[in-house]
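# Output the structure for:
(2 chains)
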Amino acid sequence: MRALFEDQFYGSKDPTSGLVGSGKFVLHKPVWGSAPYVDLFFRVEKQGAGQPIEVYAYASLALARAHDVDTPVGYLASVSIDPDDLGDSFATMTLHAMSPLAGAVPQISVSFYAYGSQGGPGTLSGIMAYTVAPDLYACDAIVDVLSEYTATGYVLEDFAGPPTKIAVGDPGVARPMPYVWVRTTGFEFLESMSTGSIFAIQYALEITILAHRMDSGDQAGPQEQAWRKCRLYQSRIESILFDERRTLDDSLFVLAALEGSAPAPTDDSLMYEATVAVGAEFLVIWPERT
Amino acid sequence: MNLTRVWDQIGFPHASAVYQGVLICPNQITAPNNPPFPAEKFYCSLAGGQPEPLWPVSQALYVLIRADGQTQASVSVHTSLAAAQAGTGAIATWADSPTWQYNDFQAEQADLSRVGSSTPDLDGFKVAVRPIESAGNPLWSVYQVGASVSPAINLCDTCVEILQAHTGEGESLAGVESITCGPREELTASRVSIRVTVDQAKRSDDVAEIGRRHLMIPVSVQVTVQNDLGSQESAWRRCREILAAVHSILSDEKANQIAFRMVAEDFSSPAPLGGELFAYRGILRLEADLLTEG
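Got it, this is the predicted structure:
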């Protein structure tokens, strides 16, 4: 199954300029015609009132973000939709077949149900992700948000790079310190029959904070100071994700729960390790089976 | 124990199949009366004290279903894929070629008749198929059917076959060098590998449907990515991506095309192998529910 969600980190982050804004375009459900099933990243563009809605399917988020409006290249399939042909509500949504780009690999066969604003007004520029591993993009989003707080004078400035000190995945033993790494640890598949058999999936993410155990300057009680600093990092990350920036998540995912463990010495006793555990819930999952 | 497995059809494109799901049993075949009829809902009824013919041991059988433009179809059983694709050398047939009604399952069960002195002898075996649409065009399909006292091995092989079909350029498992059945925790020489392991099966009787047995086979899929892809973060990410793709393929994308129902239980996120830092390993735990034991 794949989750369909908007890439909130593309563009200005201003929700009025995204897929739902001065114009509206809701890519509701991709439909595969034949194998292979692959992850897709739909770049949606509308240049102005009366202009067609152009949808390009890319194989990666990076390619979708790098889309050249004037000369698009590297996509797998595309479709141009006359806004007058677009249903304006869920009840009138229409199916649109994408045409594979000649020579693209793999050759995909995909259509999608969509609805939105008919005719005009407005422009659109956004990306919808459709992937088997949405948790990785939740991890990326957390890294993006936390990295914004590493500027001078911000609460996570100790994590300013280079080298990178906030990243997705296991950093290994050669990491700089302090360090924050984000990863997935599990999932739970949810089905809500009360809402028309909408499927959701919740991933357990873990944010691990590593800090020098003896990094306390010349103050007395070095371990207590190091512990306090690590615990402070943990609190600041909790505050950012569950309060200050929570609205950023919107359609990307919902942070569903929070827990964690206080700093404790690592096995080699060189560091303190604290964790912030969150649930990232993707609300629209489309199984491929019928 | 006889246990029939139903493969995804081979030899013809699945998208053009008129029939989905086929089963051969020594005795009566049972299926739900109301559509839809997922293939995994077919199962062989128990013998009920009656003598039953024995399955040919370790015999792979290929069932050809032909629909030549009408709602009428024919069924024949072959001992090789090539013969089934060519429609020659049948060892048993469903000679009556009845006219089937769309979604009328009960009409699609019949006895097989042995052709001459062909072996194995399937005379009197029951065969059932399920149509998925009215046959408007000449369409053929071939399924592989077999029986084994070790369905776990067949299940493991099936998982490998399914996953290997997704390693083409640009596909979900592109770049995976090795997909095999075998033990967990053993490293392979491949930089990116998938190892499928099947554990001891669990059996249960379904009290709601007398005579029906479930065979639950725990399946774990281990994804290993050696840490030479440029950075440890990218190796971790690649391992997680493959794990997610395997999850989707086995429990969802191919759910309608295989005889067993795969349910994902949980996974362990990619972590360095114990005591070593040169490879990442993630494990997806699934359970295959085989409903066709009889």
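# so where do the helices sit in the stretch 151-294 of chain B?
B:151-164, B:232-248 (DSSP state H, counting those that start in this stretch).
# winner for burial among those helices?
helix B:232-248 (a mean of 24; mean count of other C-beta atoms under 10 Å in any protein chain shown). Yep, even glycine has a C-beta here, placed from its N, CA and C like the rest.
# Only the C-alpha atoms, please, for it, written as PDB.
C-alpha atoms of helix B:232-248 as PDB (Å, rounded to 0.1, in the frame of the first residue of the first chain):
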ATOM      1  CA  GLN B 232      25.800   5.300   6.500                       C
ATOM      2  CA  GLU B 233      22.700   7.400   6.300                       C
ATOM      3  CA  SER B 234      22.100   6.500   2.700                       C
ATOM      4  CA  ALA B 235      22.700   2.800   3.500                       C
ATOM      5  CA  TRP B 236      20.200   3.000   6.300                       C
ATOM      6  CA  ARG B 237      17.700   4.700   4.000                       C
ATOM      7  CA  ARG B 238      18.100   2.300   1.200                       C
ATOM      8  CA  CYS B 239      17.500  -0.600   3.600                       C
ATOM      9  CA  ARG B 240      14.300   1.000   4.800                       C
ATOM     10  CA  GLU B 241      13.100   1.700   1.300                       C
ATOM     11  CA  ILE B 242      13.600  -1.900   0.200                       C
ATOM     12  CA  LEU B 243      11.900  -3.100   3.400                       C
ATOM     13  CA  ALA B 244       8.900  -0.900   2.600                       C
ATOM     14  CA  ALA B 245       8.700  -2.100  -1.000                       C
ATOM     15  CA  VAL B 246       8.800  -5.700   0.100                       C
ATOM     16  CA  HIS B 247       6.000  -5.000   2.600                       C
ATOM     17  CA  SER B 248       3.800  -3.400  -0.100                       C
END
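# Check which helices and strands it is in contact with.
helix A:134-147, strand A:166-168, strand A:179-192, strand B:192-198, strand B:212-226, strand B:261-272, strand B:279-293 (3 or more C-beta pairs under 8 Å, 6 or more residues apart in numbering or on different chains; DSSP states H and E).
# anything in the third one near chain B?
Put plainly, it is strand A:179-192. Yes - using C-beta under 8 Å from any C-beta of the partner chain, strand A:179-192 reaches chain B at A:183-187, A:189.
# Up against chain A, what does chain B have?
B:13, B:15, B:166, B:168-172, B:227, B:232-237, B:240-241, B:243-245, B:247-249, B:251-253, B:255-256, B:264, B:266-272, B:277, B:280.
# can you give me the angle the host helix or strand of residue A:234 makes with helix A:134-147?
Secondary structure assignment for residue A:234, by DSSP states H and E: helix A:222-239. Interaxial angle of helix A:222-239 relative to helix A:134-147 (axes from the mean of the first three to the mean of the last three C-alpha atoms, to 10 degrees): 120 degrees.
# Buried residues in whatever helix or strand comes next after helix A:222-239, which are they?
Later in the chain than helix A:222-239, the nearest helix or strand by DSSP H and E is strand A:254-265. Of the residues in strand A:254-265, A:254-255, A:260, A:263 count as buried by neighbour count, 16 or more other C-beta atoms under 10 Å in any protein chain shown.
# And stretch A:96-113, by the same measure?
A:96, A:98, A:100-101, A:104, A:106, A:108-113.
# Which one of those is nearest to chain B?
Among these, residue A:106 lies closest to chain B (C-beta to the nearest C-beta), at 3.9 Å.
# Tell me the pLDDT of that closest one.
Among the per-residue scores, residue A:106 shows a pLDDT of 93.
# ok, now residue A:17?
42.
# about what we covered before: tell me which of the helices and strands packed on helix B:232-248 sits most buried.
The most buried one of the helices and strands packed on helix B:232-248 (mean count of other C-beta under 10 Å) is strand A:166-168, showing a mean of 24.
# For it, enumerate the helices and strands it packs against.
helix A:134-147, strand A:179-192, helix B:232-248.
# Mind listing the strands that strand pairs with, and their directions?
Sheet pairing of strand A:166-168 (DSSP bridges) gives strand A:179-192 (parallel).
# C-terminal to the partner strand, what's the next element?
Strand A:179-192 is succeeded, C-terminally, by strand A:198-212 (DSSP H and E).
# How about that next one, which residues are buried there?
A:199-211.
# hmm, back to that, out of the helices and strands packed on strand A:166-168, flag the one nearest residue A:274.
Set against residue A:274 and scored by C-beta to C-beta, those come closest in strand A:179-192, at 9.9 Å.
# Next, the angle strand A:254-265 makes with that closest one.
Using the same axes, to 10 degrees: strand A:179-192 against strand A:254-265 is 140 degrees.
# Compute the mean per-residue pLDDT across strand A:179-192, please.
83.
# ok, now stretch A:41-54?
For stretch A:41-54, the per-residue pLDDT averages 90.
# Give me the contact status of that stretch with chain B.
No - against chain B, stretch A:41-54 shows no contacts by C-beta under 8 Å from any C-beta, the least distance being 13.5 Å.
# For the stretch 151-290 of chain A, which residues score under the pLDDT cut-off?
A:191-198, A:215-221, A:246-252, A:257, A:289-290 (pLDDT under 70).
# neighbours of the closest residue to chain B within it, just the number please.
Of all residues in the stretch 151-290 of chain A, residue A:169 sits closest to chain B, at 3.3 Å by C-beta to the nearest C-beta. Close neighbours of residue A:169, defined as other C-beta atoms under 10 Å in any protein chain shown, add up to 25.
# cool, residue B:183 as well?
Residue B:183, neighbours per other C-beta under 10 Å, totals 8.
# Which residue is the nearest non-sequential neighbour of it?
Nearest in space to residue B:183, with sequence neighbours left out and distances taken as C-beta to C-beta, 6 or more residues apart in numbering or on different chains, is residue B:197 at 6.4 Å.
# mind checking pLDDT for that neighbour?
92.
# again, but for the one 5 residues further on
On the pLDDT scale, residue B:202 is placed at 73.
# Could you list everything it pairs with in the sheet?
residue B:216.
# Pull the number of nearby residues for it.
11.
# repeat for residue A:273
17.
# contact partners of stretch A:95-106?
A:31, A:33, A:36, A:38, A:55, A:57, A:75-79, A:81, A:107-114, B:168-171 (C-beta atoms under 8 Å, 6 or more residues apart in numbering or on different chains).
# one more time with 6 Å, if that's ok
A:36, A:57, A:75-77, A:79, A:81, A:107-108, A:110-114, B:169-171 (C-beta atoms under 6 Å, 6 or more residues apart in numbering or on different chains).
# do the same with stretch A:145-162
By C-beta under 6 Å, 6+ apart, the residues outside stretch A:145-162 that reach it are A:165-166, A:178, A:236, A:245.
# Chain B versus the residue lying closest to residue A:60 once chain neighbours are set aside, what's the distance?
Leaving out its chain neighbours, the residue that sits closest to residue A:60 by C-beta to C-beta, 6+ apart is residue A:41, at 6.3 Å. Per C-beta to the nearest C-beta, to the nearest Å, residue A:41 is found 14 Å from chain B.
# Could I get the phi/psi values of residue A:41?
With angles defined as degrees, to the nearest 10, residue A:41 sits at phi -130, psi 110.
# Could you pull up the residues touching it?
Contacts of residue A:41 (C-beta under 6 Å, 6+ apart): A:58, A:61, A:64, A:127, A:129.
# Next, the angle from the one helix or strand the fourth one maps to to helix B:232-248.
With secondary structure defined by DSSP H and E, residue A:127 is part of strand A:124-131. In this structure, strand A:124-131 runs at an angle of 70 degrees to helix B:232-248, with the same axes, to 10 degrees as the basis.
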